[in-house]
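Undergrad: Quick one, structure for this:
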Amino acid sequence: MTKETTMNKTYLPIKLALVALSISAYQASAQETVRIGTEGAYPPFNYFTADGQLAGFDIDIGKAICADMGVQCEFIAQDWDGIIPALLANKYDVVLASMFITEARKEQVAFTKPYQASAMTFVVDKSSGISDVDPESMDGMIIGAQSSTTQADYLASAYPNAEIRLYPTQDAANLDMASGRIDAMVGDIMPMTDWIATQDGSCCEKAGELITNPKYVGEGVGMALRKEDAELRERINKSLANIISNGTYQKINEQYFSLNLLTLK
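TA: Below is the predicted model:
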């Protein structure tokens, strides 16, 4: 055996180790990015701060899930009306925007396990005297809701004799409610509770029983993905379970709400 051959055999493990180290370094620098679509107009769940950054409960939950998965998060704002079409067009990989898991939506997309419970509520002016929000009692009244939502579907189905006024964002509906341009509105329980609390106390209050019919509020609130992305969905489900079990979810919850969003208690 020549000296050169002996040296080659001696340094082969070192060379292989250096190659492995190089590959490892490349993989670390090429960390996977998961693109997350959200609305950015639904405080306190998702909204823009004064300096133009996306923030809110949904955003923090998304960051916690990405951290547990060991991936980078990229958040992309999208108007609600186009949020599922943009997912299907590959603008992003996941919708994380407080979306109810409904049968109609499941025809287009697949959902993760719920990360919130779901319920809707009526909101009325405190001085209106409205306490009964049954369909017969609301005949002829103007009721607002955000367009392309389960609230809009609910009103169209259950309140045929009311005037239904739809808005591009929940904030726009809130503004008309506070200004007295509508008699009532329907929204998700938590953002409505939060919005009422931010008013001066003389504006509005919740009315009637919580709306929990699964036909409209579905199976809870989940993250939507394209149906073919089953592996990513399962990874997200695993990380969601992790942040719930290790207390991260509850810490984020307590930053925004007094109730637990998983139980609404």
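Undergrad: OK, contacts around the closest residue to Asn90 other than its chain neighbours?
TA: Leaving aside its chain neighbours, Asn90 sits nearest to Arg226 (8.0 Å; criterion: CB to CB, 6 or more residues apart in numbering). Any C-beta I mention is one placed from the backbone N, CA and C, and that applies to glycine too. By CB atoms under 8 Å, 6 or more residues apart in numbering, Arg226 lies in contact with Leu87, Leu88, Asn90, Asp93, Val109, Ala110.
Undergrad: what's the answer for Ala207, then?
TA: With CB under 8 Å, 6+ apart, Ala207 has these contacts: Thr121, Phe122, Val123, Val124, Ile130, Ser131, Val133, Ala184.
Undergrad: I'd guess it is in a helix, am I close?
TA: No - assigned with DSSP: H, G, I helix; E, B strand; the rest coil, Ala207 falls outside any helix and is strand.
Undergrad: That one and Asp125: what is the separation?
TA: When distance is defined by CB to CB, to the nearest Å, Ala207 is 10 Å away from Asp125.
Undergrad: can you check Val133 too?
TA: In terms of CB to CB, Val133 sits 13 Å off from Asp125.
Undergrad: Equivalent analysis for Ala145, please.
TA: Taking CB to CB, one finds Ala145 at 16 Å from Asp125.
Undergrad: Just want to know which of those two has more residues nearby.
TA: For Ala145 versus Asp125, neighbours defined as other CB atoms under 10 Å are more numerous around Ala145 (25 against 18).
Undergrad: Report all helices and strands that the helix or strand encompassing the more buried one contacts.
TA: Here Ala145, judged by DSSP states H and E, is contained in strand 142-146. Contact here means 3 or more CB pairs under 8 Å, 6 or more residues apart in numbering; DSSP states H and E; on that basis strand 142-146 packs against helix 150-158, strand 163-167, helix 170-178, strand 184-188.
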